[in-house]
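Peer 1: Got a predicted model here, sequence first, then my questions.
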Amino acid sequence: MSASLPVAEPEILEEPRVRAQRLWCTVVHDDPVNTMSYVTWVFHSYFGFSLPVAEARMMQVHTAGRAVVSRGARERMEVDVTAMHGYGLRATIEPMGDDGDAGADDFSGEW
């Protein structure tokens, strides 16, 4: 009589697919160098924000120390961060949370 051993279910690793679908965001950080009008101009010129939205994002950078300016696939965020560095702004890439939030940043307004 042979004892039948329990058959283990195969382990399915979904991490690469989940990582590929994860949203990321570009965060611009406050610095003591760039003027508020210049930062507003960069946001308006590069991201195509209307002037009121560009000014609101700039004020968020100025008052809160940081603001999310774009979100999407990691590769696109890398392009945006590189562009911000080219304009002389401090910027980083951060993963979006499971609920679409990246910390306490406000996502209201135009994208």
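Peer 2: Nice, I can see it.

Peer 1: for this structure, where's the lowest mean pLDDT among helices and strands?
Peer 2: In the chain, the helix or strand scored least confidently by mean pLDDT, DSSP states H and E is helix 15-21, which has a mean of 55.

Peer 1: In a strand, Asp31, correct?
Peer 2: No - looking at Asp31 with DSSP: H, G, I helix; E, B strand; the rest coil, it is coil, so not inside a strand.

Peer 1: Who does the closest residue to it other than its chain neighbours form a beta bridge with?
Peer 2: Computed as C-beta to C-beta, 6 or more residues apart in numbering, the closest residue to Asp31 that is not its neighbour in sequence is Arg90, at 5.1 Å. C-beta coordinates here come from the backbone N, C-alpha and C atoms, glycine included. Beta-bridge pairing for Arg90 (DSSP bridges): His29.

Peer 1: Convert the helix or strand Tyr46 falls within to CSV, retaining C-alpha atoms only.
Peer 2: Of the helices and strands defined by DSSP states H and E, Tyr46 is found in helix 36-47. This file holds the C-alpha atoms of helix 36-47, laid out as CSV (Å, rounded to 0.1, in the frame of the first residue of the first chain):
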residue,chain,number,x,y,z
MET,A,36,8.2,81.0,-7.5
SER,A,37,7.5,82.5,-10.9
TYR,A,38,10.1,80.3,-12.5
VAL,A,39,8.7,77.1,-10.9
THR,A,40,5.2,78.2,-12.1
TRP,A,41,6.6,78.8,-15.6
VAL,A,42,8.2,75.3,-15.6
PHE,A,43,5.0,73.6,-14.5
HIS,A,44,3.0,75.6,-17.1
SER,A,45,5.5,75.0,-19.9
TYR,A,46,6.5,71.4,-19.3
PHE,A,47,3.3,69.8,-17.9
